[in-house]
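Peer 1: Below are the sequence and a predicted model; questions follow.
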Amino acid sequence: MAVRPTQQATFAQIQRGLEANFLRLSRAQEQTATGKRIVRPSDDPVGASLSLAYKRQIAVAERYRTAVDGARVMLDTGSSLLQDAGGLLAEARATLLTAMNGTQSADDRKLLGNSIKLIRDRMLELANARTGNRYLFGGAATSTSPFEETTSAGVKTVRYQGASQSQQVLVGLESRIDVTLPGDEIFAAKARTGTSFAGLTGVANGMSADQGVGYAYLTARHDSTTALALGGGIALAAGGANDTILGVHNFVVDPVTNTARLGAGPDVRLPAAGSPALASVRLTNEHGAEVHLDFSAWNGAAVNGTLSGSGSISLDGTNFTPITLTETDLQLMADGGQTVLHLDTTGMHRAGVELVTFSGTVNVFDVLQGIVDDLENDDGLDARELRNRLDVWLGELDRNHENLQIATGELGSLSSRATSLSTSFEDEQLAVRGLLSGVEDVDFSQVALDMTRAEQTLQLTQATSSRLLQSSLLNFLR
């Protein structure tokens, strides 16, 4: 018996066909509009999983690239600032060499010192520079000023308050890159080589190790002068209050040449008889130690006598220890025990303010401040003594300049590495985006063909369906 499909079955079959063709056409149109082969996970579960993995990889690379680009900005900014600082130190060195020229007057040196003071202030500004709200040279401590001015034992200094660890950014699962260098490695790098003295008083290093950073001033004070043998009516002027001799010194008066001499110092011609200047004749020895003698009552006799000066010494300018000239390891302390000196006083020959440097530890700001102070010459140094001090500062200035140049090179190297990393992350993103496109994106030529086929199939289906649904009474009578 022939089986005849019912009208309802025919209609259901036609509906399923139309829906399937509409779905194919709608999908092709959606892909054309979005440009994506996978619009929802159900379109291709495996492809959707790969797409998510690729997107995560692109996001991670973008995060690292953004961090590296931020690091590169800080590195380039820091490098630029250090180049400016290097230029300032070169200018300071040239100014110092000019000041060391023997043709400069005291006023000239003070003007040159003022120029170096301006350089120091600008250097401090550069060292405390910020980018955004972060200090560049504070190491890992980015929220507080890394360098701070202080005064200790009457000496104006700058101390590093930042961290010794570098600021870093994450550029991989276990990879980091420095975004700058700690300020103490740039402006206050230390390479301790010992304790040195400018050579004013004759004090030397003791037997024990010293402790301290930067520089200090050692004050050797003249307390009294004793005339062991003068004779000829010669006396101490003002009781020796203005003398600077320490220890025993030979004293000679030659009436034939009408001169007097202290130790191996220069011969000093005595004023004419009756001159008020006879009341205080200043003699200096080969080390610059002074004695003031009263020749008002001199009887014209030759004198070969001896003078002895006693004194005391202090590191903090307040607490003085008597000088016996026999100590080979005299200990002095300052700053609550942070600075400790051990001195050999056996060769001391004069009083005065002695510059003490803990060589290799003086930061660039203190070097510049020391130069400024000495060019102002409040200690009354003569040309030779001042030159000795400035020689010390020149050595420390060159060391700090070299450290600055090394740091500039390191920042440049870090910047090059950051640039290389940024390029690598960009290349990685480009490669992964290509893989993602291969999974997600449509082939427009193929989808256009699919859409055309779907439209034609739908039209054919609609036409066929229309013929099938044209039923009459004859269809049921057969």
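Peer 2: Here it is on my side, so go on.

Peer 1: from the chain's centre, how far out does stretch 217-232 sit?
Peer 2: Counting by CA atoms, centre = their mean, to the nearest Å, stretch 217-232 is centred 47 Å from the centre of its parent chain.

Peer 1: State the mean pLDDT of that stretch.
Peer 2: Mean per-residue pLDDT for stretch 217-232: 88.

Peer 1: And that stretch, what's buried?
Peer 2: Y217, L218, T219, A220, R221, H222, D223, T225, A227, L230, G232 (16 or more other CB atoms under 10 Å). C-betas here are computed from N, CA, C, even on glycine.

Peer 1: and if you look at stretch 254-268?
Peer 2: With burial defined by 16+ other CB under 10 Å, the residues of stretch 254-268 counted as buried are A260, R261, L262, G263, G265, V268.

Peer 1: That one: end-to-end distance?
Peer 2: End-to-end span of stretch 254-268 (CA to CA, to the nearest Å): 10 Å.

Peer 1: Please, where are all the strands along the stretch 51-200 of the chain?
Peer 2: Ranges of strands in the stretch 51-200 of the chain, per DSSP state E, counting those that start in this stretch, are 130-131, 134-135, 147-152, 155-160, 168-170, 176-178, 194-197.

Peer 1: other SSEs contacting the fifth one?
Peer 2: Strand 168-170 sits against helix 45-99, strand 176-178, with contacts defined as 3 or more CB pairs under 8 Å, 6 or more residues apart in numbering; DSSP states H and E.

Peer 1: ok, residues contacting that strand?
Peer 2: Defining contact as CB atoms under 8 Å, 6 or more residues apart in numbering, one finds that strand 168-170 is touched by Y64, A67, V68, G70, A71, R176, I177, D178, V179.

Peer 1: Same list, those residues, but as JSON lines with pLDDT please.
Peer 2: Listed next are the contacts of strand 168-170 as JSON lines, based on pLDDT from 0 to 100:
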{"residue": "Y64", "pLDDT": "80"}
{"residue": "A67", "pLDDT": "79"}
{"residue": "V68", "pLDDT": "81"}
{"residue": "G70", "pLDDT": "80"}
{"residue": "A71", "pLDDT": "80"}
{"residue": "R176", "pLDDT": "80"}
{"residue": "I177", "pLDDT": "81"}
{"residue": "D178", "pLDDT": "81"}
{"residue": "V179", "pLDDT": "80"}
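
Peer 1: Quick one: buried ones out of these?
Peer 2: Neighbour counting over the contacts of strand 168-170 (16+ other CB under 10 Å) leaves Y64, A67, V68, A71, I177, D178, V179 as the buried ones.

Peer 1: Show me which of these is closest to A189.
Peer 2: A189 lies nearest to D178 out of those, by CB to CB, at 15.9 Å.

Peer 1: Report the spatially nearest residue to the closest one, omitting neighbours in sequence.
Peer 2: Residue nearest to D178 in three dimensions, not counting chain neighbours: S166, with 4.2 Å by CB to CB, 6 or more residues apart in numbering.

Peer 1: Was I right to think the one you found contacts P182?
Peer 2: Yes: counting by CB atoms under 8 Å, S166 touches P182, with 5.9 Å between them.

Peer 1: which of those two has more neighbours?
Peer 2: More crowded of S166 and P182, by other CB atoms under 10 Å: P182, with 24 against 16.

Peer 1: Distance to L112 and secondary structure added to the buried residues of stretch 254-268, as JSON lines?
Peer 2: Shown next, in JSON lines, are the buried residues of stretch 254-268 (distance: CB to CB, whole Å; DSSP: H, G, I helix; E, B strand; the rest coil):
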{"residue": "A260", "distance to L112": "37", "secondary structure": "strand"}
{"residue": "R261", "distance to L112": "35", "secondary structure": "strand"}
{"residue": "L262", "distance to L112": "33", "secondary structure": "strand"}
{"residue": "G263", "distance to L112": "34", "secondary structure": "coil"}
{"residue": "G265", "distance to L112": "30", "secondary structure": "coil"}
{"residue": "V268", "distance to L112": "32", "secondary structure": "strand"}
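
Peer 1: Same list (those residues) but as a markdown table, adding pLDDT.
Peer 2: Formatted as a markdown table, these follow (pLDDT from 0 to 100):
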| residue | pLDDT |
| --- | --- |
| A260 | 93 |
| R261 | 94 |
| L262 | 94 |
| G263 | 92 |
| G265 | 92 |
| V268 | 94 |
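
Peer 1: any idea which of those residues is the one closest to N250?
Peer 2: G263 (5.6 Å).

Peer 1: So the closest one sits against N285, correct?
Peer 2: Yes: contact between G263 and N285 holds when scored by CB under 8 Å: they sit 3.4 Å apart.

Peer 1: Break this protein down into its domains, please.
Peer 2: For the chain, automatic domain parsing gives the domain ranges 55-191+394-427, 195-359.

Peer 1: Off-centre distance for the strand ranked longest in the chain?
Peer 2: Assignment by DSSP state E gives strand 215-229 as the longest strand of the chain. Relative to the chain's own centre, strand 215-229 is displaced by 40 Å; criterion: CA atoms, centre = their mean.

Peer 1: So which elements touch it?
Peer 2: Packed next to strand 215-229, using 3+ CB pairs under 8 Å, 6+ apart, are strand 155-160, strand 235-236, strand 303-314, strand 339-344, strand 352-359.

Peer 1: Make a markdown table from those and add mean pLDDT, distance to Y135 and mean neighbour count to it.
Peer 2: Below are the helices and strands packed on strand 215-229 laid out as a markdown table (pLDDT from 0 to 100; distance: least, CB to CB, whole Å; neighbours: other CB atoms under 10 Å):
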| stretch | mean pLDDT | distance to Y135 | mean neighbour count |
| --- | --- | --- | --- |
| strand 155-160 | 86 | 12 | 19 |
| strand 235-236 | 92 | 59 | 18 |
| strand 303-314 | 93 | 37 | 19 |
| strand 339-344 | 94 | 28 | 21 |
| strand 352-359 | 92 | 27 | 22 |
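
Peer 1: between those strands, which one is nearest to Q429?
Peer 2: Closest approach to Q429 among these is made by strand 155-160 (40.2 Å; CB to CB).

Peer 1: Please tell me I have it right and Q57 contacts A431.
Peer 2: No: contact criterion CB under 8 Å: Q57 and A431 do not qualify, at 9.6 Å.

Peer 1: the more surrounded of the two?
Peer 2: Legend: neighbour count by other CB under 10 Å for Q57 and A431, higher for Q57 (17 against 13).

Peer 1: which residues touch the more buried one?
Peer 2: E428, V432.

Peer 1: start at 39 instead
Peer 2: From this message on, residue numbering opens at 39, which makes the last subject Q95.

Peer 1: what's the angle between the longest helix along the chain and strand 253-267?
Peer 2: Across the chain, the longest stretch assigned as helix under DSSP state H is helix 421-478. Angle between the axes of helix 421-478 and strand 253-267 is 170 degrees (criterion: axes from the mean of the first three to the mean of the last three CA atoms, to 10 degrees).
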